[in-house]
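>>> Provide a 3D model corresponding to the input given below.
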Amino acid sequence: MENSNCFSIGNIDQFILQRSQLLRIPADTYKRILLASVDPSLKDLDQLRQAIDQKDYSDIQTIAHRLKGVYANLRIEELSSPAKEINQMALETGAIQGISKRFEHLKTSLTILQDAVQP
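Residues are numbered from 1 along each chain as shown. Just a heads-up that it's a prediction; the model follows:
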């Protein structure tokens, strides 16, 4: 399994430019969408943590699926991939340890993104 600290933004402007080019949208539009996505995602993470603590696999799957979609659409695989894995693991009740590990990776990566994009 990859190191949970492997996600690196580097130059945020270059990161935004590269992702916006993949989507063929202006960089400022991508940045607005990205900024609008981070805060709700942090709230989703709080809800996901609660669902994991309660072993509520249905909520885990729902929240992880939402996060996967947001970051897949933004072409940020470093966030969509662990969310996808959590979503899949939630289908296998009893995989709470694996889910918790992937959650920590997702949380770390989202925190790195938040720190990079916040003005």
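
>>> tell me the centre residue of the protein?
Against the mean C-alpha coordinate of the chain, by C-alpha atoms, centre = their mean, the closest residue is Leu79 at 3.4 Å.

>>> surely that residue and Leu106 touch.
Yes. Here Leu79 lies in contact with Leu106, judged by C-beta atoms under 8 Å, at a distance of 6.5 Å. C-beta here means a position set from N, CA and C on the backbone, and glycine is covered the same way.

>>> give the residues shared as contacts by the two.
By C-beta atoms under 8 Å, 6 or more residues apart in numbering, Leu79 and Leu106 have these common neighbours: Leu67.

>>> so what touches stretch 51-71?
Where contact means C-beta under 8 Å, 6+ apart, the residues beyond stretch 51-71 that reach it are 37, 41, 44-45, 47-48, 50, 77-80, 83-84, 86-87, 90-91, 93, 96, 99-100, 103, 106.

>>> follow-up on the earlier one: show me the contacts for the residue nearest to the centre of the chain.
If you count contacts by C-beta under 8 Å, 6+ apart, Leu79 has them with Phe7, Leu67, Val70, Tyr71, Leu106, Ser109, Leu110, Leu113.

>>> would you list the buried entries among the contacts of stretch 51-71?
The neighbour-count test (16 or more other C-beta atoms under 10 Å) marks 37, 41, 44-45, 48, 78-80, 83-84, 86-87, 90, 96, 99, 103, 106 as buried among the contacts of stretch 51-71.

>>> so where's this protein shaky on pLDDT?
Flagging of the chain using pLDDT under 70 yields the residue ranges 1-6, 94.

>>> and with 90 instead?
Regions of the chain meeting the criterion pLDDT under 90 cover residues 1-11, 91-98, 117-119.

>>> what ranges does it have for its strands?
For the chain, applying DSSP state E gives no strands.

>>> kindly list the longest helix within it.
Scanning the chain for the longest helix, with DSSP state H as the assignment, gives helix 27-53.

>>> in that one, what's buried?
In helix 27-53, the ones that count as buried by 16+ other C-beta under 10 Å are 30-31, 33-34, 37-38, 41, 44-45, 48-49, 51-52.
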